[in-house]
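In: coordinates only, sequence not included:
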């Protein structure tokens, strides 16, 4: 189906089993390594007047992505995926938040002054905005470049609490959660409606082009796949999260076929039991944060996820695979293996996964 992943249908079967904490022929595992230097495509080189110009240069961005995906070997269940990307707050930019760009990421500037009805009413989804049109342009250009070679996913979307934090500013929203909780919840409900509209727009475009559902987190499924999240939740109480934001997250998830929750930061770990008790969430991506991200520091967390009957993804260096298979059960576990340098190392790593029982 895809030149860079000719066994995609087999991989899809393993993903379908993984979502249900089951195994088809072996556990799910992603292994990649770079092609040797003589085989690699050169990365495009071009001078830009600013970071913004670089990010918005569709031809340059797509050429760079094609080189990146072409220069990588995708072993086992790793998928060759590229997606249109203007940073993690692009959904808020669809409402008018200006974006500022650095070399590697972007961030938005707040636009909501207060909680008067007039200010809230100004927050309207604009699918004709410059950033919405650019995402669609990038999507079309990637689809043209892919040509049955690799997979194109949809952009990184953060609705709900993260979108409102971008509208308002996270520190201001912390105070708002005390003074205007019902107003925040009402806006979240409206934004969730908008998110579903935007998601379906991308899903229809990509599925019509023969693409499976995927995004920045390189999972997939038959049907609609989503990565719900709320990074802002680190700054509020569990009661606030469950009363104001969890209903919107559940609505997002009910619109999809499979969902993996992006749980980001030590302060968010207190929500794990709530998320595990939410039937609409099928898997967890736990991201501990810089300096705390070695998988072995969180074995008990992964075991809690497995005990609840949910799947999870985790990131482990190749030299740790012997320990991985000793302390975790394979059902529902998806290791993304780093540190593999060549085909021999990839084959040795895969043998350990095949023997994982």
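Out: Arrived safely. Since the model is a prediction, treat every value here as computed from it, not as a measurement. Numbering: from 1, shown residues only.

In: tell me how far stretch 335-342 is from the chain's mean position?
Out: 20 Å (Cα atoms, centre = their mean, to the nearest Å).

In: who touches that stretch?
Out: The contact list for stretch 335-342, computed with Cβ atoms under 8 Å, 6 or more residues apart in numbering, reads 27, 29-34, 75, 78, 313-319, 321, 324, 345-346, 349, 353. Any C-beta I mention is one placed from the backbone N, CA and C, and that applies to glycine too.

In: OK, contacts around the nearest residue to residue 101 once chain neighbours are set aside?
Out: Nearest residue to residue 101, sequence neighbours excluded (Cβ to Cβ, 6 or more residues apart in numbering): residue 51, at 4.0 Å. By Cβ under 8 Å, 6+ apart, the contact set of residue 51 is 101-103.

In: any idea where the strands of the stretch 101-250 of the chain begin and end?
Out: 106-108, 151-152, 225-226 (DSSP state E, counting those that start in this stretch).

In: surely residue 265 touches residue 234?
Out: Yes. At 4.9 Å, residue 265 counts as touching residue 234 under the criterion of Cβ atoms under 8 Å.

In: which residues are in contact with the nearest residue to residue 8 once chain neighbours are set aside?
Out: Counting by Cβ to Cβ, 6+ apart, the nearest residue to residue 8 once its immediate chain neighbours are dropped is residue 1, at 4.7 Å. Residues in contact with residue 1 (Cβ under 8 Å, 6+ apart) are 8-9, 148, 210.

In: minimum pLDDT in those, which residue is that?
Out: Lowest in pLDDT among the contacts of residue 1 is residue 148, which has 93.

In: over to the spatially closest residue to residue 234 that is not a sequence neighbour: give its phi and psi.
Out: The shortest distance from residue 234 to any non-neighbouring residue, by Cβ to Cβ, 6+ apart, is to residue 267 (3.8 Å). When read as degrees, to the nearest 10, the backbone of residue 267 gives phi -70, psi -20.

In: what about residue 267, how many neighbours?
Out: Number of residues near residue 267 (other Cβ atoms under 10 Å) recorded here: 13.

In: need the contact partners of stretch 136-150.
Out: Contacts of stretch 136-150 (Cβ under 8 Å, 6+ apart): 1-5, 58-59, 61-62, 65-66, 69-70, 80-86, 152, 154-155, 202, 205-206, 209-211.

In: just stretch 271-281 next, same as before
Out: Contacts of stretch 271-281 (Cβ under 8 Å, 6+ apart): 228, 233, 238, 241-242, 246, 249-250, 253-254, 259-261, 263, 284, 286, 301, 304-305, 308, 310.

In: if we go to 6 Å?
Out: Here stretch 271-281 makes contact (Cβ atoms under 6 Å, 6 or more residues apart in numbering) with 250, 253-254, 259, 261, 308, 310.

In: sort out for me which of these are in helices.
Out: 250, 253-254 (DSSP state H).

In: which member of these is positioned nearest residue 129?
Out: Distance to residue 129 across the ones in helices among the contacts of stretch 271-281 (Cβ to Cβ) is lowest for residue 253, with 26.5 Å.
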